[in-house]
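Chemist: model this:
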Amino acid sequence: MGGLKLATSDVSILPLETKTRRFELTQEVVNEMNDRLILVDTGKPRVAKNILHNVLRRWARRSTDIVSTVCELVREASNAIDYATKGDLNNLGICMSKYWFLKKMMAGENSGVEPENVEMVLQLLTSSKKIAGGTLCGAGGGGFLALIAAQGIDRAEIESAVKADAACTKDFKWHYCTVATDGLLIEIV
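Modeler: This is a model prediction of the structure:
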């Protein structure tokens, strides 16, 4: 399913049933997202099973901070949909950064969820107002960083700022990315 979507589930139904709702984006919003989205392979993969183990253990305790964090993640997903459909990419970027902050809270301190070089780069780009926001993708895997450039800033300017100020980013690979409006396409040859 391409484009912008929100997956939800009802807490009282087991086994879990996921419902996915797609939201339409105007071509103008898609074009702006395509101009401002940046994907960076940080070269620092994280092991998802270790991170997930921490999250599940913390969730099983049902501590107040974890339950409230999950509720906030749900709220922020709706906010992100609202900002994206309105074309408000600056606030969408803020939502991405907040999402990342909340995901780090879920994993707990010293979980290894955020490599030091990623923390440094996000701080640099945020303090220099080069990005509207960003987050590491997924629970582990390849260590891909998704960013939304600030209005009027392009990928080359962001890449240059990071290379000039952060020596620990030598393994970074910078990519252009676009909104996949059609979703996954498979061709059998």
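
Chemist: Buried ones in the helix or strand containing residue 51, by neighbour count?
Modeler: In the assignment (DSSP states H and E), residue 51 maps to helix 48-61. Across helix 48-61, burial judged by 16 or more other CB atoms under 10 Å covers 51, 54-55, 58. Any C-beta I mention is one placed from the backbone N, CA and C, and that applies to glycine too.

Chemist: Now flag whichever of those is closest to residue 146.
Modeler: The nearest member of these to residue 146, counting by CB to CB, is residue 51 at 17.3 Å.

Chemist: correct me, but the closest one touches residue 110?
Modeler: No. At 11.6 Å, residue 51 and residue 110 do not qualify as touching, with contact defined as CB atoms under 8 Å.

Chemist: Just want the most central residue of the chain.
Modeler: Centroid-nearest residue in the chain, with CA atoms, centre = their mean: residue 135, separated by 3.7 Å.

Chemist: Confirm that that residue sits in a helix.
Modeler: No. The assignment for residue 135, made by DSSP: H, G, I helix; E, B strand; the rest coil, is strand rather than a helix.

Chemist: ok now do the nearest residue to it once chain neighbours are set aside, which residues does it touch?
Modeler: Leaving out its chain neighbours, the residue that sits closest to residue 135 by CB to CB, 6 or more residues apart in numbering is residue 100, at 3.8 Å. Applying CB atoms under 8 Å, 6 or more residues apart in numbering, we find residue 100 in contact with 114, 122, 134-136.

Chemist: now residue 100: how far from residue 176?
Modeler: 21 Å (CB to CB, to the nearest Å).

Chemist: One more: residue 187?
Modeler: Applying CB to CB to residue 187 and residue 176 gives a distance of 22 Å.

Chemist: Neighbour count for the two, which is higher?
Modeler: residue 176 (10 against 4; other CB atoms under 10 Å).

Chemist: wait, isn't the more buried one in contact with residue 158?
Modeler: No. With contact defined as CB under 8 Å, residue 176 does not count as touching residue 158 (11.9 Å).

Chemist: Mutual contacts of the two, please.
Modeler: What both residue 176 and residue 158 touch, as defined by CB under 8 Å, 6+ apart, is the set residue 38.
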